[in-house]
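# Output the structure for:
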Amino acid sequence: MNDFYYRKLDSYNLAKQLVKTVYMLLTKFPDFEKHALCDQMRRAAISIPSNIAEGTGRFSLKDRIRFLDISYGSLCETMCQMEIAYEQNYISDEEFSSFELLASRTSMTITGLKKNYETKLNNITNQ
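Next up, the predicted model:
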């Protein structure tokens, strides 16, 4: 088994793409946000793929599900912060729409992976 099979997960790869997008958009923010909103957004965004990867390193399905929950929470936090940035006119309508679409796709894949793990867990517990 590949020790780093999370690299093949759509949720992980989309989450990494989301991180790259956040980093690119943060270059447009005003300087006074560099140590406030920008730092918080970087931490939240990086947490998304990091928790997907960490969860796959756990042997317990309950732990894997828990880390996906954390990842999803970080995705929601990142989306909230991007909405705030958009409302402050730090990014354009097109940039926000594109980000929102990527965040939505990431959300669907995290949710799908979580449901997959939950189904496996239910099958084990119902045997």
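
# Report pLDDT for the spatially most central residue of the chain.
Nearest to the mean C-alpha position of the chain, counting by CA atoms, centre = their mean, stands Ile48 at 3.2 Å. Looking at Ile48, its pLDDT is 98.

# repeat for Ile124
Ile124 is assigned 89 on the pLDDT scale.

# and it, how many neighbours?
Ile124: 9 surrounding residues under other CB atoms under 10 Å. In short, each C-beta sits where N, CA and C put it, glycine included.

# which parts of the longest helix seen in the chain are buried?
Across the chain, the longest stretch assigned as helix under DSSP state H is helix 93-125. Going by neighbour count (16 or more other CB atoms under 10 Å), the buried part of helix 93-125 is 95-96, 99, 102-103, 106-107, 109-110, 113-114, 117.

# and if you look at stretch 27-44?
29, 33, 37-38, 41, 44.

# Export that stretch to PDB, keeping only CA atoms.
This file holds the C-alpha atoms of stretch 27-44, laid out as PDB (Å, rounded to 0.1, in the frame of the first residue of the first chain):
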ATOM      1  CA  THR A  27      -1.100  39.300  -3.100                       C
ATOM      2  CA  LYS A  28      -3.900  41.700  -4.000                       C
ATOM      3  CA  PHE A  29      -4.700  42.500  -0.400                       C
ATOM      4  CA  PRO A  30      -3.600  45.800   1.200                       C
ATOM      5  CA  ASP A  31      -0.500  45.900   3.300                       C
ATOM      6  CA  PHE A  32      -2.300  46.400   6.500                       C
ATOM      7  CA  GLU A  33      -4.000  43.000   6.100                       C
ATOM      8  CA  LYS A  34      -0.700  41.100   5.800                       C
ATOM      9  CA  HIS A  35      -0.500  40.300   9.500                       C
ATOM     10  CA  ALA A  36      -4.200  40.000  10.100                       C
ATOM     11  CA  LEU A  37      -6.700  38.600   7.600                       C
ATOM     12  CA  CYS A  38      -3.900  37.300   5.300                       C
ATOM     13  CA  ASP A  39      -2.200  35.200   8.000                       C
ATOM     14  CA  GLN A  40      -5.600  33.900   9.200                       C
ATOM     15  CA  MET A  41      -6.600  32.900   5.700                       C
ATOM     16  CA  ARG A  42      -3.300  31.100   5.000                       C
ATOM     17  CA  ARG A  43      -3.600  29.100   8.200                       C
ATOM     18  CA  ALA A  44      -7.200  28.200   7.500                       C
END
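
# Thank you kindly, that will do.
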